[in-house]
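Student: Need a 3D model of the following:
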Amino acid sequence: MPGDYITETVHGEAVTGGDIGTGEKGKIDVKTLRDRIPAHCLQPSTLRSFGWVIHDLSIFLALLAGTIYLEQYASRWPLFIVRYFLFPYAAGVCLTGLWVLGHEAGHGAFSTNKTIANSVGFVIHSALMSPYFAWRSSHGRHHQYANNMSIDLNYVPPMRDEYKIMFSRGDDDAWDELMEDTPIVVFLRIVLQQVIGWPWYLLSHITAGPNSSPKEPRGWWDNSHFLPNSSLFRADEFWNIVASDVGLIAMGAAVYKLGQMFGFPTLLWTYLLPLMWVNHWIVMITYLHHTHTDLPKYTPESWTYLRGALATVDRDPGWLLRYMMHHIIDLHVVHHLFPRIPHYHAKEATEAIKPLLGEYYHTDKSSYWGALWTAFTECQWVEPDPMKTIQANVYTKRDEDTGSSKISDIDEKGVLWYRSGRMPPPVVRMRL
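Tutor: You can find the predicted model right below:
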């Protein structure tokens, strides 16, 4: 692999950083980028982080109190719309922001005190029915191996041959004749992913690379975030996973008790429907971070930490989601490079490294909801495209003798690009 190597630490584990190439601005590597970021951006403030927790909880409680207050004055149908549509959506946005703070706790971006960070993350994620320690483990490895076709844990697309097999087509001619899906099919598949994608990923580890588990799975059932001895986890993580499960069981019992006290219709609109919106946002945010026609995927031979981290895109969801979701959507590139940067320093850190990254910094200002449709219709599988690789300047590497830049054969083959096509049948388990 080209370039010199430095060491970057992700969740306490060392990974090779690699460089992105050379040019007038000089070699871009992780150390150079980190040195450009002001030191205070890498230091979370526990007090400030707690302030954002209070901020999100206060907005949620205000929305809840306002909806309850309306019950005294609103007629049946307006109240029905507020209860079952407007409040769940607004509360879901707010609670997703709270979930993001729990996610930052898992990265060490909430507090330098691990006990405080893990306690906050555990409570927040358990309250939102997410297994904190289990997902922290798998998500940490996603950051460590982002966009590695073999080892990444999120949205690893099929290559050409695997994609063909999904349609049970044995010959190229028949496969090439596949037409585009109708709009209603695309819409229904989007709904399916957004509604059950998050819980199904936690249960089955779908969309992950074939070698993303630390241990060989004992069967299709052995890739669950809820099994303490799952193939996803090391032996020394057993009790952490047990703790995650205990948190979920305790929250489930509390939710059931609240349903008995206040009625299950009330539980539906105050908690269950907002939680479904949280699940939707988790899936949409993660999916669109790494699924874009301008973003490459890498074979293990050509992958480096830096290339994988930069194969993500900052999108613009509008001012409300930017603010309420703590910039997890619009400032994600710097988060993938340096996950310990808290959201309130992400803008400053991004502006510091953008001049160095230049063309390697990806951003998309188009419609956020429209991007979901585009990703579903134009990003089905991947294959090498040497000309696109050269045009995107993904793999420039310096010839030490001549001082010029060139593209190597292995680099061309190791960079994979999205292709459009029909959607294969829904994935129900991790591919082995």
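Student: contacts and neighbour counts: CA atoms only from here.
Tutor: OK.
Student: At the geometric centre of this protein, which residue do we find?
Tutor: With the centre of the chain defined as its mean C-alpha position, the nearest residue by C-alpha atoms, centre = their mean is T286, 2.9 Å away.
Student: buried stuff in stretch 147-161?
Tutor: 147-159 (16 or more other C-alpha atoms under 10 Å).
Student: What average pLDDT does it get?
Tutor: The predicted model gives stretch 147-161 an average pLDDT of 93.
Student: Start at 50, not 1
Tutor: Will do, 50 is the new start, and the previous item becomes stretch 196-210.
Student: Can you list the residue ranges for strands in the stretch 100-249 of the chain?
Tutor: Counting by DSSP state E, counting those that start in this stretch, one finds no strands in the stretch 100-249 of the chain.
Student: from what I can see I108 touches C143, true?
Tutor: Yes. Counting by C-alpha atoms under 8 Å, I108 touches C143, with 7.0 Å between them.
Student: More neighbours: the two, which one.
Tutor: More neighbours surround C143 than the other of I108 and C143, with 25 against 16 (other C-alpha atoms under 10 Å).
Student: And the pLDDT at the more buried one?
Tutor: 97.
Student: show me the contacts for it.
Tutor: 105-106, 108-109, 373-374 (C-alpha atoms under 8 Å, 6 or more residues apart in numbering).
Student: If we use 10 Å, what do you get?
Tutor: 104-110, 112, 137, 323, 327, 370, 372-374 (C-alpha atoms under 10 Å, 6 or more residues apart in numbering).
Student: closest to H156 among these?
Tutor: M374 (16.3 Å; C-alpha to C-alpha).
Student: burial of the nearest residue to that closest one once chain neighbours are set aside, as a residue count?
Tutor: In this structure, M374 finds its nearest non-sequential neighbour in G146, 4.2 Å apart by C-alpha to C-alpha, 6 or more residues apart in numbering. Using other C-alpha under 10 Å, G146 is surrounded by 27 other residues.
Student: Quick check: G146 touching L369?
Tutor: No. The pair G146 / L369 is not scored as a contact, 11.1 Å apart, by C-alpha atoms under 10 Å.
Student: Give me the common contacts of the two.
Tutor: H375.
Student: related to what we said a few turns ago, okay, and which of the contacts of C143 map to helices?
Tutor: Using DSSP state H, the subset of the contacts of C143 located in helices is 104-110, 112, 137, 323, 327, 370, 372-373.
Student: what would the residues you listed look like in TSV with distance to G189 and pLDDT?
Tutor: Shown next, in TSV, are these (distance: C-alpha to C-alpha, whole Å; pLDDT from 0 to 100):
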residue	distance to G189	pLDDT
H104	26	98
D105	25	98
L106	26	97
S107	30	98
I108	29	98
F109	29	98
L110	31	97
L112	33	97
P137	30	97
P323	26	98
V327	20	98
L370	24	97
Y372	24	97
M373	23	97
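Student: Narrow those residues to just the buried residues.
Tutor: Listed as buried from the ones in helices among the contacts of C143 are 105-106, 108-109, 112, 137, 323, 327, 370, 373; burial here means 16+ other C-alpha under 10 Å.
Student: Touching both of I108 and C143, which residues are there?
Tutor: With C-alpha under 10 Å, 6+ apart as the test, I108 and C143 both reach M373.
Student: what about the closest residue to E153 other than its chain neighbours, how many residues close to it?
Tutor: Of all residues not flanking E153 in the chain, F159 sits nearest, at 5.5 Å (C-alpha to C-alpha, 6+ apart). Residues lying near F159 (other C-alpha under 10 Å) number 30.
Student: Return the residues in contact with F159.
Tutor: 92-99, 150-153, 165-167, 169-170, 389-392.
Student: quick one on the thing from earlier: may I see the buried ones among the ones in helices among the contacts of C143 arranged in a markdown table, with distance to P180 as well?
Tutor: Output for these, formatted as a markdown table (distance: C-alpha to C-alpha, whole Å):
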| residue | distance to P180 |
| --- | --- |
| D105 | 20 |
| L106 | 20 |
| I108 | 24 |
| F109 | 22 |
| L112 | 26 |
| P137 | 22 |
| P323 | 18 |
| V327 | 14 |
| L370 | 24 |
| M373 | 22 |
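Student: quick check, nearest of those residues to K213?
Tutor: V327 (33.7 Å).
Student: How much space separates the closest one from P248?
Tutor: 11 Å (C-alpha to C-alpha, to the nearest Å).
Student: ditto for G419
Tutor: On the measure of C-alpha to C-alpha, G419 and P248 end up 24 Å apart.
Student: Between the two, point out the one with more neighbours.
Tutor: P248 (15 against 9).
Student: That one contacts N328, correct?
Tutor: Yes. Applying C-alpha under 10 Å, one finds P248 in contact with N328, separated by 7.8 Å.
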